[in-house]
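# next input, structure requested:
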Amino acid sequence: MNVTGSSVFLSSSGNLLGTLNKLVSDLSAMAAGSGSTASIQADSSALTTALGVVSSQRAGLDSSLSRLMTSSTYSSTQLATYQAQQSTLLSADPASVATDLKAAEVQQQALLGVTSALEGAQDLFNYLH
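Numbers count the residues shown, from 1 in each chain. As a prediction, the model looks like this:
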């Protein structure tokens, strides 16, 4: 989400900075004795509208920030997982891994032999007789 400061604070539907400047000006005029309460009430209403615009823009930014934080957390978790896996791989004993692989290959060949022998038999009980 790409939001500029002017689209948030100087929006045509609620110009927050312009409204605040007008309110300050009207309050100064009121203090000098030349202002009116009607203009201050109008400024207050405009300020409420402008704050609504800022709040709605903030909601969109909060949503984007939440998605970004979720992605960051996921990335951090994945990094930790990959680092743990890398550590396990680097600390493995090559001779032990080779022995385990050879044992697994022998078991696989034995299972393939049994399954090919079973293909001719109708069931395991017939094969065992």
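# which segments of this structure make up each domain?
1-91, 93-129 (automatic domain parsing).
# most tightly surrounded among the ones you listed?
Greatest average neighbour count among those goes to domain 1-91 (a mean of 12), per mean count of other CB atoms under 10 Å. C-beta coordinates here come from the backbone N, C-alpha and C atoms, glycine included.
# how far does it sit from the chain's center?
Computed by CA atoms, centre = their mean, to the nearest Å, the chain-centroid distance of domain 1-91 equals 19 Å.
# so which elements touch whichever helix or strand residue 64 is part of?
Under the criterion of DSSP states H and E, residue 64 resides in helix 37-91. Here helix 37-91 touches helix 5-9, strand 14-15, helix 16-32, going by 3 or more CB pairs under 8 Å, 6 or more residues apart in numbering; DSSP states H and E.
# dump those to CSV, plus distance to residue 67 and mean pLDDT.
Converted to CSV, the helices and strands packed on helix 37-91 look like this (distance: least, CB to CB, whole Å; pLDDT from 0 to 100):
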stretch, distance to residue 67, mean pLDDT
helix 5-9, 19, 76
strand 14-15, 26, 80
helix 16-32, 26, 90
